[in-house]
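Colleague: structure of the sequence below:
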Amino acid sequence: MKKHNKAILLVGVGNDLREDDSIGHYLVKNFKLRDLYNLYPEFHKFNLRKLIKKITVGFLDYSFCDYIKGFKNVIFIDSWINNNEKYRIFFSEIKDNIKYSDQGVNHFSHYVNIFNFVRYYKALNNIYDISKQSQTNFFLLKVKGYSFGYKRGLTKEAKKNIKLAKLLLLKFLNFLLRSYL
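Modeller: Predicted coordinates:
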């Protein structure tokens, strides 16, 4: 594998005291590298701990930009509630030229929503990175939640969605890691 200490960052967003709002927090906190090793045995000869980092946050604010600086790929994992959407899981790359309201992505209730955070980060990066070498790719894995009350624990439906989201995340990480082989 090529040397790259900051390849992939998993960011679980959510309040673990608000039921299904904690989906991102839960998925990232419980993410195990051994699942990648089990699904893709060829990774056994590599140290994935150096390539995949993970963090959970209750909400995003702009000071988080310093933390993600230098990562090649950042994957936000968050919950959402929208009974009008048929999707239980939605995964997409966050790009500047897409109107997210047209992509089935609703506004988040976090202090800074993920899309505005990414726009802010990219604007800062364009100002301060003269070489333009540290481009970061941003992705969003949305997992549908059903109840957002003040209570610890996930609903039964959210737990089912997390299982599917985890499989999708593992497949996508396999895809990203192939570029480091």
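Colleague: may I see the buried residues of stretch 29-36?
Modeller: 31, 36 (16 or more other CB atoms under 10 Å). The C-beta positions use only the backbone N, C-alpha and C, and glycine is treated the same way.
Colleague: give me the distance from it to the chain's centre.
Modeller: On the basis of CA atoms, centre = their mean, to the nearest Å, stretch 29-36 sits 14 Å off its chain's mean C-alpha point.
Colleague: what segments of the protein are helices?
Modeller: 23-29, 33-39, 65-68, 114-128, 156-178 (DSSP state H).
Colleague: tabulate these (TSV), appending mean pLDDT and distance to residue 54.
Modeller: Formatted as TSV, those follow (pLDDT from 0 to 100; distance: least, CB to CB, whole Å):
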stretch	mean pLDDT	distance to residue 54
helix 23-29	96	5
helix 33-39	93	10
helix 65-68	88	12
helix 114-128	83	16
helix 156-178	95	11
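Colleague: so for residue 139, which of those sits nearest?
Modeller: Taking CB to CB, helix 156-178 is the member of the helices of the chain nearest to residue 139, at 7.5 Å.
Colleague: who does the closest one touch, helix- and strand-wise?
Modeller: Helix 156-178 sits against strand 8-13, helix 23-29, helix 33-39, strand 73-80, strand 89-93, strand 137-144, with contacts defined as 3 or more CB pairs under 8 Å, 6 or more residues apart in numbering; DSSP states H and E.
Colleague: closest one to residue 59 among these?
Modeller: strand 8-13 (6.9 Å).
Colleague: any idea of the mean pLDDT for the closest one?
Modeller: Strand 8-13 shows a mean pLDDT of 96.
Colleague: contacts only, for residue 55.
Modeller: Neighbouring residues of residue 55 by CB atoms under 8 Å, 6 or more residues apart in numbering: 9-12, 28, 67.
Colleague: of those residues, closest to residue 41?
Modeller: Checking those against residue 41 with CB to CB, the nearest one is residue 10 at 21.6 Å.
Colleague: quickly list what that closest one is bridged to.
Modeller: Assessed by DSSP bridges, residue 10 has beta-bridge partners residue 54, residue 75.
Colleague: that one is in contact with residue 57, isn't it?
Modeller: No. At 11.3 Å, residue 10 does not count as touching residue 57 under the criterion of CB atoms under 8 Å.
Colleague: and those two? Which one has more around it.
Modeller: Neighbour count, other CB atoms under 10 Å: between residue 10 and residue 57, residue 10 has more, with 23 against 18.
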